[in-house]
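**Q** okay, sequence plus prediction incoming.
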Amino acid sequence: MTAFAALLAVATFTRSMERVVSVDPIKAQSLYDSRAVQLVYEAPLAVDYEARPYRLVPGACELPEVSQDGLVYLFRMRRREGGPAPASADVVRSLERLKDPANASPGGWTMKAVESVRAVGDAVEVRLSRPLHVFPWMMAMAYAGVMLEDGSGTGPFELVRWRKNHEMVFRRRRPEPGRFDEVRYLVVGDVSTQWLMFLKGELDFLGDISRDNWDAVVDGEGRLDPFLANQGVRLYESPTLDVFYIGMNMKDPVLGPNAKLRQALTCAFDFPTWRKFFNNRVDPADGPVPPGVAGRLEEPAPYRFDPDRAKRLLAEAGYEGGVDPATGRRLVLTLSIGRASQESRESGELLASFFSRIGVKLELSFGTWSSFLQAVNEGRVQMYMMGWVGDYPDAENFLQLFHSKNVSPGPNHSCYANPAFDAVFDAAMSANSGERREELWRECQRILREDCPWIFTHYPKSYSLVRPGVEGYVPGCFPYGEEVHFKTGGPGWASP
C-alpha cells in the first residue's frame, strides 16, 4: 500500500468544537477542555457511557475500597495488557498537582476534603478529612486525569496536531478494528458554516443545532426533515444535566447588597419569549438543580416572570421607574458574554429588552472565551451569562456553586456567601441518610430562590445530528471522550 493509500485508509471522525484553552487536566475548566483532556488522559474512574442511571466503572484504577467511616479510599491500579499504563506514583503526583493551591486549578474544589494522597504499593490511598459521598464521582472528572512524569497520558488517543483556534487532531494509540483511528476537532465559530459543512459531509457530527437552522432540521410535526432522513442522518433528543443562568456578582456594590433588585430582575425575565427564541428547545429553570436529580425542589419558585411585580420590587429596591437616584438617570447594568456569536448577541439583546420594560438599561460586553473566564474568575464582571454542566448526578454538584468556600476562582463565580446556606449545605454533607440529605438539599434551594444570586434562565434539551458513517453514539450528560466509543462504517461513510 502506498503512503497516499495508507492516508486514505485512516478513519477520521470530524466535528466542530469551541476553542480549547488547555489540555492540562488540572486546567480543564470548560466543557471543551474536558472533551479534549479525556481523550488523552485517563482519570482514576470513568462514567459508564451507556448505563442509565449513570454509574461509575474502572478507569486507570479499579473501583475503590472504602473504609467503614467513609474517610479512606483505596484505589488499586487497573491491570491491562499492552500499551502504556500509569503507576500508582503517577496518580499520586497528578492528584497532588490538582490539590496544590499554588497551581490555582479551577478544579481544586474537588480536593478540598482530601487530607492526604499516597502510594501503597500498586494502589493509591486517599484519606479524607470528612466523609464525602460524591468523592468517587470527582475521580471520574477531567481534573483528575492522570499525567505521566513526562506530561503524556495513557488515554486511548494522543494529541498529534494542535493549531490553536483552528484544529486539533487526536490519533488512537492502539488501533482497534471498526473504530475511528483519528478524532479531528475544528474550531468553526459561525453556526451557518458548521451547518453547511455538515450538509457537505465535512462534519460527521453536529451537536449544536443553531436556532436559525432548526426549521431545516425538523419539519412542522417535529420529525427529521426528509432531505436529511434520506441521507441516513439521525436526530437524537435527550434531557441534560445542565442549567443556564445569568450570574450576578455578589461583590458588586449595586447588585450584591440589594436582594430586592436581584428579585426584580428575576421577575423581569420573560421565559415564554426566551423559549420561543430557542425554538422551544429549553425548559424553564426554577433553580440550580435540573430535573432528574434526587433532592431537587419541586415547589413553585417564588419569583417568576411577572412584569408588574418586577416594577414594584424595583421601586422597593430604590430604583422606582428604573431611575438611579445617584445619577437621576436610568440604572445601567453590564452583562459580560464569553463569545460574540450571532446567537449570543441576539440572546443578549433579548435579555436587554426584558430589562428595558422595567426601565433598566443593560449594556452587553463581549470578549473571547478565555478572557471572559479570566474576568469571571477574578471577579471583574457585574453580571455574566454562563451555564453549568453537571459533573455528576448529585444535587451537591449544583449546590456547591453557592458555598462560600468555593468563591472564584472556584466554581462559585457569583461570590455568593450566605452563612445560613453554608450551614444547611454542610449539614447535608454530613447527613447519615440519603433521605435526610435530600431534605436539606431542598432547603438549600429555598434559600437560593429567595436570595436570587442567579437569574435561572433554562434547562436545555440536547439535540444532535449524526451522519450514517458513525455508529455507537449514545446521547448522554457526560460526553467527555465519547468518541472513544464510536464505530466506523455503515452506508455513506468514507474517509476524508
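**A** All right, it came through fine.
**Q** walking through the stretch 251-400 of the chain, point out its strands one by one.
**A** Using DSSP state E, counting those that start in this stretch, the strands of the stretch 251-400 of the chain run over 282-284, 323-324, 329-330, 332-337, 361-366, 383-389.
**Q** kindly reformat the ones you listed as CSV containing mean neighbour count and distance to Leu95.
**A** Heads up, the C-betas are built off the backbone N, CA and C, glycines and all. Output for the strands of the stretch 251-400 of the chain, formatted as CSV (neighbours: other Cβ atoms under 10 Å; distance: least, Cβ to Cβ, whole Å):
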stretch, mean neighbour count, distance to Leu95
strand 282-284, 17, 37
strand 323-324, 16, 49
strand 329-330, 13, 51
strand 332-337, 19, 33
strand 361-366, 16, 37
strand 383-389, 20, 22
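**Q** which one of those strands lies closest to Ala142?
**A** Distance to Ala142, taken as Cβ to Cβ, is lowest for strand 383-389 among the strands of the stretch 251-400 of the chain, at 11.3 Å.
**Q** can you tell me the strand partners of the closest one and which way each runs?
**A** Using DSSP bridges, strand 383-389 pairs in its sheet with strand 242-248 (antiparallel), strand 332-337 (parallel).
**Q** rewinding a little: ok, which of the strands of the stretch 251-400 of the chain comes nearest Arg174?
**A** If you check each of the strands of the stretch 251-400 of the chain against Arg174 by Cβ to Cβ, strand 383-389 wins as the nearest, at 29.4 Å.
**Q** could you check the angle the closest one makes with strand 361-366?
**A** Compare the direction of strand 383-389 with that of strand 361-366 by axes from the mean of the first three to the mean of the last three Cα atoms, to 10 degrees and you get 60 degrees.
**Q** now the helices for the stretch 1-150 of the chain?
**A** 3-8, 31-40, 88-99, 135-138 (DSSP state H, counting those that start in this stretch).
**Q** in TSV: these, plus mean pLDDT and distance to Arg275.
**A** Below are the helices of the stretch 1-150 of the chain laid out as TSV (pLDDT from 0 to 100; distance: least, Cβ to Cβ, whole Å):
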stretch	mean pLDDT	distance to Arg275
helix 3-8	44	46
helix 31-40	95	23
helix 88-99	98	39
helix 135-138	96	31
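**Q** right, so these: which one is the most enclosed?
**A** Ranked by mean neighbour count, those are led by helix 31-40 with a mean of 23 (mean count of other Cβ atoms under 10 Å).
**Q** tell me the angle it makes with strand 383-389.
**A** Using the same axes, to 10 degrees: helix 31-40 against strand 383-389 is 30 degrees.
**Q** check contacts around Gly367.
**A** When contacts are counted by Cβ atoms under 8 Å, 6 or more residues apart in numbering, Gly367 touches 336-338, 340, 375.
**Q** quick one on the thing from earlier: next, format the strands paired with strand 383-389 as a markdown table and append mean pLDDT and distance to Val134.
**A** Output for the strands paired with strand 383-389, formatted as a markdown table (pLDDT from 0 to 100; distance: least, Cβ to Cβ, whole Å):
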| stretch | mean pLDDT | distance to Val134 |
| --- | --- | --- |
| strand 242-248 | 97 | 17 |
| strand 332-337 | 98 | 30 |
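**Q** of these, which is nearest Pro84?
**A** Shortest distance between Pro84 and the strands paired with strand 383-389, using Cβ to Cβ, is found for strand 242-248: 33.9 Å.
**Q** where do the domain boundaries of the chain fall?
**A** Using automatic domain parsing, the domains assigned to the chain come out as 42-144, 157-239+462-485, 242-460.
**Q** who wins for proximity to Ala9 among these?
**A** domain 157-239+462-485 (8.5 Å).
**Q** Met197 versus Trp137, what's the distance?
**A** Note on Trp137: its distance to Met197, by Cβ to Cβ, to the nearest Å, is 35 Å.
**Q** returning to that earlier point: quick check, nearest of the contacts of Gly367 to Pro239?
**A** Nearest to Pro239 out of the contacts of Gly367 is Gly338 (Cβ to Cβ; 24.1 Å).
**Q** so the closest one sits right up against Trp369, yeah?
**A** Yes: the pair Gly338 / Trp369 is scored as a contact, 4.8 Å apart, by Cβ atoms under 8 Å.
**Q** okay, those two: which has more neighbours?
**A** A count of neighbours by other Cβ atoms under 10 Å puts Gly338 above the other of Gly338 and Trp369, at 21 against 16.
**Q** out of everything not next to it in sequence, what's closest to that one?
**A** Closest residue in space to Gly338, ignoring its immediate chain neighbours: Phe372 at 3.5 Å, by Cβ to Cβ, 6 or more residues apart in numbering.
**Q** was I right about Leu333 contacting Ile358?
**A** No: the criterion here is Cβ under 8 Å, and Leu333 misses it with Ile358 at 11.7 Å.
**Q** count the neighbours of Glu349 for me.
**A** By other Cβ under 10 Å, 11 other residues sit near Glu349.
**Q** separation between it and Lys200?
**A** In this structure, Glu349 and Lys200 are 31 Å apart, going by Cβ to Cβ.
**Q** also Arg312?
**A** Arg312 is 54 Å from Lys200, by Cβ to Cβ.
**Q** more neighbours: which of the two?
**A** Arg312 (16 against 8).
**Q** state the pLDDT value of the more buried one.
**A** Arg312 carries a pLDDT value of 98.
**Q** in the chain, which helix has the most residues?
**A** helix 434-451 (DSSP state H).
**Q** ok and that helix relative to strand 242-248, angle-wise?
**A** Between helix 434-451 and strand 242-248, the angle comes out at 40 degrees (the same axes, to 10 degrees).
**Q** residue numbering should commence at 566 henceforth.
**A** Renumbered: residue one is now 566, and that last one reads helix 999-1016.
**Q** kindly provide the whole-number mean pLDDT of the helix or strand following helix 999-1016.
**A** Following helix 999-1016 in sequence order, the next helix or strand is strand 1019-1025 (DSSP states H and E). The pLDDT scores in strand 1019-1025 average 97.
**Q** next one: stretch 981-996
**A** The average pLDDT for stretch 981-996 rounds to 96.
**Q** could I have the CA atoms of that stretch written out in PDB?
**A** Only the C-alpha atoms of stretch 981-996 are listed here, as PDB (Å, rounded to 0.1, in the frame of the first residue of the first chain):
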ATOM      1  CA  TYR A 981     -22.300  34.200  46.900                       C
ATOM      2  CA  ALA A 982     -21.700  34.000  50.700                       C
ATOM      3  CA  ASN A 983     -24.600  33.200  53.000                       C
ATOM      4  CA  PRO A 984     -23.900  31.600  56.400                       C
ATOM      5  CA  ALA A 985     -27.400  30.200  56.500                       C
ATOM      6  CA  PHE A 986     -26.900  28.500  53.200                       C
ATOM      7  CA  ASP A 987     -23.500  27.200  54.200                       C
ATOM      8  CA  ALA A 988     -24.900  25.700  57.400                       C
ATOM      9  CA  VAL A 989     -27.600  23.800  55.600                       C
ATOM     10  CA  PHE A 990     -25.300  22.600  52.900                       C
ATOM     11  CA  ASP A 991     -22.700  21.400  55.400                       C
ATOM     12  CA  ALA A 992     -25.500  19.600  57.400                       C
ATOM     13  CA  ALA A 993     -26.500  17.800  54.100                       C
ATOM     14  CA  MET A 994     -22.900  16.700  53.500                       C
ATOM     15  CA  SER A 995     -22.700  15.100  56.900                       C
ATOM     16  CA  ALA A 996     -26.200  13.600  56.900                       C
END
